[in-house]
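[1] Make a model of this:
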Amino acid sequence: MPRLWTALLLGRRELVRGLDAGWVAVVFQACEDRDAALASEAIALLSELTDPAARDAVCQRFLDRNDDEARRAALEGGYLPRDPAKRALFLFLTEQWERYEALDFDRRLLATIHEAADAGLRQRITEKLRAAGRTDYLAVLAGQDFRSRAGRMSAAESEVLVRLLAGNREWDRLWPLVFELDLTSSVRIVRLLKQAGGPPRATPIVPPSTGLWSWQRRKSPMRRPAQATPQPPSGVLAFGSPDASTTSPSRRGGR
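    A predicted model of the protein is given here:
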């Protein structure tokens with residue numbers, strides 16, 4: 001540490017640019033030092049690191065803590081995590097869309113991260129989608145078909161999904177979600193579609209067992225699929241059928 005502090009105080013950052021990952025946390029501490037000159041040198045050093053593991057540590061601090069200083073240093077230094085999944089998450093959270101497309105064009109890496117993430121990280125991903133307004137990334141929340149994960153989405157995720165699809169007037173994708181999402185989201189979709197002139201006419205409806213459809217069936221037990229009318233055994237005519245005589249057996253033959 002004395003060597004690091006001495007280099008920073010003397011303005012000789014080139015002497016410590018190759019420090020390893022274990023020193024990165026110390027440099028972040030130096031960024032908050034009461035000595036303004038030392039803090040300024042530490043801030044500059046963070047974006048000049050040459051050791052790959054040290055650069056990874058800066059990126060990881062941003063991913064773990066949403067640290068603004070770590071974000072600034074990584075972007076200024078052009079750092080990217082070496083792990084592909086972490087790189088995808090880093091590019092997404094820092095809104096480097098073109099570089100993200102080159103890495104994970106079908107969003108599968110980010111979808112896998114989102115699926116395994118804790119509540120805090122999932123919220124960060126959701127909020128980034130909300131702020132960026134990128135409907136092309138909504139498959140991360142709802143699945144590639146916009147339905148496979150719908151039943152497991154949080155209320156916040158459902159709200160972002162509905163808002164972005166409606167804002168982009170993607171009614172063909174929004175309508176099937178009426179039968180997949182939670183009741184609140186489903187009712188909101190119905191209202192939005194009503195304001196837009198109704199659901200898409202050509203969209204097939206295949207009601208699943210979740211969302212508004214299941215709620216409707218629980219609340220309205222009389223709305224059940226029509227059952228086939230029982231047919232009489234072969235060779236026996238049903239009473240009242242066109243081929244059956246309406247004359248009583250007792251009156252046949254004039255009796």
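[2] which helices and strands does the host helix or strand of Glu159 pack with?
    Secondary structure assignment for Glu159, by DSSP states H and E: helix 155-167. Contacts defined by 3 or more Cβ pairs under 8 Å, 6 or more residues apart in numbering; DSSP states H and E place helix 155-167 against helix 119-132, helix 139-142, helix 171-174, helix 183-195. Heads up, the C-betas are built off the backbone N, CA and C, glycines and all.
[3] Try it again at 6 Å.
    helix 119-132, helix 139-142, helix 183-195 (3 or more Cβ pairs under 6 Å, 6 or more residues apart in numbering; DSSP states H and E).
[4] Give me the residues contacting that helix.
    Identification of contacts with helix 155-167 by Cβ atoms under 6 Å, 6 or more residues apart in numbering yields 126, 129-130, 135, 138, 141-142, 173-174, 181, 185, 188-189, 192.
[5] Recalculate using a threshold of 8 Å.
    Helix 155-167 has contacts (Cβ atoms under 8 Å, 6 or more residues apart in numbering) with 122-123, 126, 129-130, 133-135, 138, 141-142, 150, 153, 173-174, 177, 181-182, 184-185, 188-189, 192.
[6] which of these are buried?
    122, 126, 129, 134, 138, 141-142, 150, 153, 173-174, 177, 181-182, 185, 188-189, 192 (16 or more other Cβ atoms under 10 Å).
[7] tell me which residues of stretch 144-154 are tucked away?
    Those would be 146-147, 149-150, 153, for stretch 144-154 by 16+ other Cβ under 10 Å.
[8] Closest one to Leu38 out of the residues you listed, please.
    Met153 (47.2 Å; Cβ to Cβ).
[9] residue contacts, the nearest residue to the closest one once chain neighbours are set aside?
    With sequence-adjacent residues excluded and distances taken as Cβ to Cβ, 6 or more residues apart in numbering, Met153 is closest to Leu141, at 6.1 Å. Residues near Leu141 by Cβ under 8 Å, 6+ apart: 114, 125-126, 129, 149, 153, 157, 160-161.
[10] Name the nearest of those residues relative to Tyr79.
    Distances from Tyr79 to those, taken by Cβ to Cβ, are shortest for Ile125, at 20.4 Å.
[11] ok, the closest residue to the closest one other than its chain neighbours - contacts?
    Spatial nearest neighbour of Ile125, chain neighbours left out: His114 (5.5 Å); criterion: Cβ to Cβ, 6+ apart. Residues near His114 by Cβ under 8 Å, 6+ apart: 121-122, 125, 140-141.
[12] those strands in the chain, which residues are they?
    Read by DSSP state E, the chain holds no strands at all.
[13] Show me the residue at the heart of it, geometrically.
    Leu141 (2.0 Å; Cα atoms, centre = their mean).
[14] distance of it from Leu80?
    24 Å (Cβ to Cβ, to the nearest Å).
[15] least confident pick among the contacts of Leu141?
    Note: of the contacts of Leu141, the lowest pLDDT belongs to Arg149, at 86.
[16] Could you tell me which residues make contact with the residue nearest to that residue when sequence neighbours are not counted?
    Leaving out its chain neighbours, the residue that sits closest to Arg149 by Cβ to Cβ, 6+ apart is Gly143, at 4.0 Å. With contact taken as Cβ under 8 Å, 6+ apart, Gly143 is in contact with 111, 149-150.
[17] same thing with Arg82?
    Neighbours of Arg82 in contact, by Cβ under 8 Å, 6+ apart: 52, 56.
[18] Just want the phi and psi numbers for it.
    Torsion angles at Arg82 (phi, psi; degrees, to the nearest 10) stand at phi -80, psi -30.
[19] Can you check the pLDDT for it?
    97.
[20] hang on, the earlier thing: is it possible to get TSV of the helices and strands packed on helix 155-167 that adds distance to Asp20?
    Below are the helices and strands packed on helix 155-167 laid out as TSV (distance: least, Cβ to Cβ, whole Å):
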stretch	distance to Asp20
helix 119-132	27
helix 139-142	34
helix 183-195	48
